[in-house]
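[1] Sequence unavailable; structure follows:
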């Protein structure tokens, strides 16, 4: 194999700039914008009473895999801890860590417990819609309440926080992964038949569903047909002759859609009553947030049960997707301070809200051109800040 020669200036080979698939360096100004977006989201959560926690990036494997964490096991990197000689896992989702904190260090805190978080996660594989394997999350969890009001709060707050950032054209897709199983069970489908029907629902395959769904097929086919605007979907579900448990689920969806729509009238709300794949540990009403003309979801959330058995709901936003949904960001102001500018002057400009970039040696030629070359939008002419 031919070896590559290192660069004479950096001492690095060309291959040193390569990163594993799904990993990337985030450069200026994107890194700064993403950090600001994360802080804005956390500020929105904080205004609704969600206090921030900061779990570690890596934990003992058995802790992260406890309870619902088993559903995410295939996406976790593992390493051996040289200190304890125990296996550890890098988090691929922060929600389960928050649930652990709620069950241990915050077990005596007043319920409902409102907790927010932000941080990086790492996954073994990316997906077709999200090839990134490392990305930033920001989210919040409401733990200790099974009230419908908790679901409404979570859905509305997620959309509100993203809207505050300036993301236009938001839509919220609601799913209820317990609806189809309730219909299948009430209509007597055996386990093997129910699994086949669920696969057909996953694939949106009406022909297969008709073939394998037995006496539940007509109702399950209606679930596929009704996917769309939430109000029309709920009205269609209410018109069906459903078993008691499924009818109660629909009644809850009806109240949820009504309250979310009233609280966020500009939010497009849709409902897919037959969808339940991809929500890993979620065990009830679930949400996915989208933005117009943006690939993939901005975030998702919904109902789950903590390892301590508490009812909980929450929402996780993916910063990479949220950033793609934002309109173009204006360049940040940066004031060039020519060599020799008194430090006191630079400090005064920063107190006034300016960002500064100080030259470290005497400029050769036009100072304005030097400021432009440094990427500065403005420069200090000795008396005032001027645009470059």
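    Yep, that arrived. Keep in mind the model is a prediction, meaning the values are calculated, not measured.
[2] which residues touch residue 269?
    Applying CB atoms under 8 Å, 6 or more residues apart in numbering to residue 269 gives the contacts 171-172, 174, 229-231, 257, 260-261. Yep, even glycine has a C-beta here, placed from its N, CA and C like the rest.
[3] Could you report the distance from it to residue 258?
    Separation of residue 269 from residue 258 (CB to CB, to the nearest Å): 10 Å.
[4] hmm, back to that, using neighbour counts, give me the buried entries of the contacts of residue 269.
    172, 174, 230, 257, 260-261 (16 or more other CB atoms under 10 Å).
[5] List the ones among the contacts of residue 269 that fall in helices.
    230-231, 257, 260-261 (DSSP state H).
[6] for this protein, which spans come out with low pLDDT?
    1-15, 67-69, 276-282 (pLDDT under 70).
[7] again, only using 50
    1 (pLDDT under 50).
[8] Helices along that one, start to end?
    For the chain, the helices defined by DSSP H cover 30-47, 61-64, 95-103, 148-165, 179-186, 191-203, 206-212, 217-225, 230-238, 244-263, 319-325, 343-351, 367-373.
[9] Present those helices as a markdown table; the columns should include distance to residue 72.
    Formatted as a markdown table, the helices of the chain follow (distance: least, CB to CB, whole Å):
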| stretch | distance to residue 72 |
| --- | --- |
| helix 30-47 | 22 |
| helix 61-64 | 8 |
| helix 95-103 | 7 |
| helix 148-165 | 20 |
| helix 179-186 | 21 |
| helix 191-203 | 19 |
| helix 206-212 | 28 |
| helix 217-225 | 27 |
| helix 230-238 | 28 |
| helix 244-263 | 26 |
| helix 319-325 | 19 |
| helix 343-351 | 44 |
| helix 367-373 | 48 |
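[10] Residue 313: which of those helices is closest?
    Relative to residue 313, the nearest member of the helices of the chain by CB to CB is helix 148-165, separated by 5.1 Å.
[11] Enumerate every residue touching the nearest residue to residue 209 once chain neighbours are set aside.
    Nearest non-adjacent residue to residue 209, counting by CB to CB, 6 or more residues apart in numbering: residue 200, 3.8 Å away. Counting by CB under 8 Å, 6+ apart, residue 200 makes contact with 206, 208-209, 212-213, 220.
[12] Mind doing that once more with 10 Å?
    Taking CB atoms under 10 Å, 6 or more residues apart in numbering, we find residue 200 in contact with 206-213, 217, 220-221, 224, 274.
[13] Return the closest of those residues with respect to residue 47.
    So of the contacts of residue 200, ranked by how close each gets to residue 47 (CB to CB), first place is residue 274, at 35.9 Å.
[14] hang on, that closest one packs against residue 216?
    No. Applying CB atoms under 10 Å as the test, residue 274 and residue 216 come out as separate, 11.7 Å apart.
[15] Identify the residues contacting residue 21.
    125-126, 131-133.
[16] any idea how far residue 359 is from it?
    For residue 21, the distance to residue 359 - CB to CB - is 40 Å.
[17] returning to what we had before: what sits in contact with each of residue 269 and residue 258?
    230-231, 234.
[18] export these to JSON lines and tack on distance to residue 309?
    Listed next are these as JSON lines, based on distance: CB to CB, whole Å:
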{"residue": "230", "distance to residue 309": "31"}
{"residue": "231", "distance to residue 309": "34"}
{"residue": "234", "distance to residue 309": "30"}
